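[1] build me a model:
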Amino acid sequence: MSDFQRPTLCCCRKVLSIPNNKSENSMPAMGQSPPVDIASASNFHSFTLRHFHLSLQLNFRDKEMTGRQVLELCSTKPDTRTLVLDTHQSLLIHSIDCKVHSASGDQVCTSLTYRVDPFTDYGSSLNISLPAAIRPQHTFQIIIRYKTTDGPAIWWLDSELTCGNSKPFVFTQGHSVCNRSFFPCFDTPAVKCTYSASVRVPEGVQVLMSATRSAYSAHEKAFQFHMEYPVPAYLVALVAGDLTPADIGPRSRIWAEPCLLNAAVSKLSGLVERWLTVAESLFGPYVWGRYDIVFLPPSFPIVAMENPCLTFIISSILESSEFLVIDVIHEIAHGWFGNAVTNATWEEMWLSEGLATYAQRRITTEAYGSAFTCLETVFRLDALHRQMRLLGDNNPVSKLQVKFEPGVNPSSLMNLFTYEKGYCFVSYLSQLCGDTKRFDSFLRSSPVGADSCSLSLQAYIEKFKFTSVVAHDLLEFFLGFFPELKERCVANREGLEFERWLNACGPPLAEPDLSQGGSLTEPVESLFRLWTSEPLDSAAIAQQDLSTWRTFQTVLFLDKLLDRSPLSHEVMTRLSRSYSTLLDSMNAEVRIRWLQIVVRNSYYPDLYKVRRFLESHTSRMYTVPLYEDLCGGTMKSFAVEVFYQTQARLHINLRRTVQQILAQTFSAFVTVPTAPPSGDRPPDTAIALRDVNVLA
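    Predicted coordinates for the structure are as follows:
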């Protein structure tokens, strides 16, 4: 995610207990008790959720959503008399009813009593008293009528905040625990079910959802959706606005505001099907049917979100082609890792993000070659080590298995360790196999090409498809798939124990060999050394032509300069003279890094470009880092001036975040809420957003 909050962390709840006897020929056992999710107030262990249906009506004028939800459940434990669901302070319950078959077979409808109790800042518990007629293993229905207001999952945009400035817009963002403000639910990744929905909107508004089937019913004047595969609550997503479609492949379509559609199609036409085909050759069939993409206005709070069948991507990324390629491929990879097989708790998000990052890089290697993949990996790992220096080697947030204290929002764990340290561990597992193709055979849905001892085994995706897993599931299955590795006790290899990978703080225990990217990374290292050596060698510097570089080369170079800041005034003057005009013509991912160098080095001749950038870019991923740098240095008054001139073009949540950044600098600043409202997230406190272009 694009927002970070320093969590309160301590030792992990679940570890792989490595026995003292290093010769034991098995991976250490781990308790098979159901996963504990302290981010959920629900009693999901007591029920099976079979399906739920949403009937929604969107009111753009009042920015309200009226809902009727029908949950089909059965109790798994005798004498369970209370159903507890996750909800939110912004979700107002009107009534709750129950339909259950009596002993005689008649369906009985009963009005239920309920209460809403405080849980955390990001949610409440909805306690529903169940009738005595409910029997274990027998299906019953709960019908909830409710209305949403200003909750963290639902983002209402006035037309002025859209790209086309023509119609209002709304989208939802459920990751990690926001969808409890969209509908009452078991808001935990451990619970998956199918869902359906009916959505009514004003005429002329297009509605999309993360569903395998969709249609418009003229008779009911409603959009109809059905997700036929089980998904966790956070992957239920909705968007409505002035959206136009264009097919870009046999199973892919772009949705965007009319003013963006041509640009989006020109960037992605034909490519998505190519990437899907490569992914299927590596990991087996893509099970979700459609892979559509909707481009959202700059107010979308993250870069991208892997909602099944319908990836959400921020439109701001369209101008950065290489970042767009990586972001889309990463979301495609989530079709296998994260959506089909999901982490059972938020404390092990690496099981989705680390594996998806590994799969993304396997796809880019096949599609674009090893050099490009290694360059992108070097760029991300460089950011990981920068983040490590900011946090310190012993910060618990750097663990793969983390435990956060009650009340800490799981979204605060979305950091580079989730992605890159997780990726390094998965790469290490691949290295243990001795052959990348053998590891592919372990992951893919159909183990084609596996050795004879593995042909009879299901592969990882096939085994765990549509379920949620913990680390023990992955690692135990890995050693079962490769019995020769189990016999060699690779789980206990000194210094590289699986338990240490999961529970040790600090950087990855091992990183993959990235030497195949040398043709692209060595020029970056060479130019960086030239600019940070004394005296400057102007002739050698002039031999490097940045205009021929790939975007990831340029941003890697600028990140290194940013990390070395403050630079001398002479170096800044010569950097500006050499590159400023060229960088002005490049995409936003390049420009923001140059402007951060300008701000951190108080280089006033180029300060007007910072103002110009903030006037034209209103997305969180570009706005927040610049305001943090402006307020962290000598340009606080400039930051206030620019904010007052541009705040009307910022979403209210982003406006509050920037106000908080400014208020931390000016105690007498305008009235600022002391804590973010329920629909907002706290500003970044420990990690600058430049450290990672975060996607879900």
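[2] now do the strands in the stretch 201-350 of the chain.
    Secondary structure of the stretch 201-350 of the chain (DSSP state E, counting those that start in this stretch): strands at 206-209, 213-217, 222-231, 238-241, 244-249, 252-256, 292-296, 304-305, 310-314, 341-343.
[3] save those as TSV, and put in distance to Leu390 and mean pLDDT too.
    Heads up, the C-betas are built off the backbone N, CA and C, glycines and all. Formatted as TSV, these follow (distance: least, CB to CB, whole Å; pLDDT from 0 to 100):
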stretch	distance to Leu390	mean pLDDT
strand 206-209	38	98
strand 213-217	44	96
strand 222-231	35	98
strand 238-241	34	98
strand 244-249	39	98
strand 252-256	36	98
strand 292-296	29	98
strand 304-305	24	98
strand 310-314	25	98
strand 341-343	25	98
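[4] for Cys374, which of those is the nearest?
    Among those, the nearest to Cys374 by CB to CB is strand 304-305 (22.3 Å).
[5] on that earlier part again, the strands of the stretch 201-350 of the chain: which one's closest to Thr110?
    strand 222-231 (27.9 Å).
[6] mind listing what that closest one pairs with, with the direction of each?
    strand 193-200 (antiparallel), strand 213-217 (antiparallel) (DSSP bridges).
[7] residues near Ser321, how many?
    15 (other CB atoms under 10 Å).
[8] what is the neighbour count of the nearest residue to it once chain neighbours are set aside?
    Sequence neighbours aside, Lys267 is the residue nearest to Ser321 in space, at 6.3 Å (criterion: CB to CB, 6 or more residues apart in numbering). Using other CB under 10 Å, Lys267 has 19 neighbouring residues.
[9] give the contact list for Lys267.
    Contacts for Lys267 (CB atoms under 8 Å, 6 or more residues apart in numbering) come out as Leu318, Ser321, Leu324.
[10] which residue of the chain sits farthest from its center?
    Largest separation from the mean C-alpha position in the chain: Ser104, at 48.6 Å (CA atoms, centre = their mean).
[11] tell me the SS of that residue?
    Three-state call for Ser104 (DSSP: H, G, I helix; E, B strand; the rest coil): coil.
[12] and it, how far from Asp79?
    22 Å (CB to CB, to the nearest Å).
[13] on that earlier part again, of the strands of the stretch 201-350 of the chain, which is nearest Gly518?
    That would be strand 304-305 among the strands of the stretch 201-350 of the chain, by CB to CB, at 29.4 Å.
[14] other residues contacting that closest one?
    Contacts of strand 304-305 (CB under 8 Å, 6+ apart): 173, 175, 237, 311-314, 317, 327-328, 330-331, 695-696.
[15] partners of it in the sheet?
    When DSSP bridges is applied, strand 304-305 pairs with strand 310-314 (antiparallel).
[16] just how off-centre is the partner strand within its chain?
    Its chain's C-alpha centre and that of strand 310-314 lie 11 Å apart, by CA atoms, centre = their mean, to the nearest Å.
[17] strand 252-256 and that one, what's the angle between them?
    Inter-element angle recorded for strand 310-314 and strand 252-256: 40 degrees (by axes from the mean of the first three to the mean of the last three CA atoms, to 10 degrees).
[18] okay, strand 310-314 in CSV with CA atoms only?
    Extracted in CSV, the C-alpha atoms of strand 310-314 (Å, rounded to 0.1, in the frame of the first residue of the first chain):
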residue,chain,number,x,y,z
LEU,A,310,-10.8,-6.7,-12.5
THR,A,311,-7.5,-5.1,-11.6
PHE,A,312,-7.7,-1.6,-10.3
ILE,A,313,-4.8,0.7,-11.4
ILE,A,314,-4.2,4.3,-10.8
